[in-house]
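[1] Here is a sequence together with a model predicted from it:
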Amino acid sequence: MKHNRKGKTLDRKNGPRKALLRNLATSLVLYERMNTTLAKAKAVRPMVEKLITTGRKKTLTSRRELAKVLTVESAVNKVLEELGPRYATRPGGYTRIIKIGQRQGDGAEMAQIQFVKD
């Protein structure tokens with residue numbers, strides 16, 4: 001039974017899945033758009049939304065919470081200095097997922113995840 005099971009496993013064990021999601025979140029924060037599979041985009045979206053909500057408060061606690069997840073210090077600074085103030089008045093929904101077709105090699109559904117512009 002799947003009681004209290006949240007999120008997608010992406011066919012990986014816990015450690016590699018957490019590392020994958022952390023790297024995807026860091027890349028999305030740094031470059032503000034990213035092409036990936038639809039399943040990975042849907043898995044990383046709530047994680048990034050929570051990071052931006054945390055980054056809206058510029059405190060030492062929020063910096064440390066962001067540093068736990070994001071793998072690069074410049075990504076933490078970008079969330080606190082640029083993305084947090086940009087979405088300060090927006091009540092959620094900071095990202096969008098756009099389907100871009102199927103991958104040539106294996107036919108996986110591809111998507112672009114990006115930050116919305118206000």
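    Received the coordinates, thanks. Residues are numbered from 1 along each chain as shown.
[2] For the spatially most central residue of the chain, which residues are in contact?
    The C-alpha lying nearest the average C-alpha coordinate of the chain belongs to Val48 (C-alpha atoms, centre = their mean; 3.2 Å). Under the criterion of C-beta atoms under 8 Å, 6 or more residues apart in numbering, the neighbours of Val48 are Ala25, Leu28, Val29, Tyr94, Thr95, Ile113. The C-beta positions use only the backbone N, C-alpha and C, and glycine is treated the same way.
[3] State the helix or strand in which it lies.
    helix 38-55 (DSSP states H and E).
[4] now the helices for the chain?
    Taking DSSP state H as the criterion, the chain carries its helices at 14-31, 38-55, 60-69, 73-78, 84-86.
[5] looking only at pLDDT, what's the mean for the helix holding Val48?
    Confidence over helix 38-55, taken as the mean pLDDT, stands at 97.
[6] For it, output the C-alpha coordinates as CSV.
    The C-alpha trace of helix 38-55 is given here as CSV (Å, rounded to 0.1, in the frame of the first residue of the first chain):
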residue,chain,number,x,y,z
LEU,A,38,8.0,16.2,-18.2
ALA,A,39,8.2,13.9,-15.2
LYS,A,40,11.3,15.6,-13.8
ALA,A,41,9.8,19.0,-14.4
LYS,A,42,6.7,18.0,-12.5
ALA,A,43,8.8,16.6,-9.7
VAL,A,44,11.1,19.7,-9.3
ARG,A,45,8.3,22.3,-9.6
PRO,A,46,7.0,22.1,-5.9
MET,A,47,10.6,22.1,-4.7
VAL,A,48,11.5,25.3,-6.5
GLU,A,49,8.2,27.0,-5.5
LYS,A,50,9.0,26.4,-1.9
LEU,A,51,12.5,27.7,-2.3
ILE,A,52,11.2,31.0,-3.8
THR,A,53,8.7,31.3,-1.0
THR,A,54,11.5,30.8,1.5
GLY,A,55,13.7,33.4,-0.4
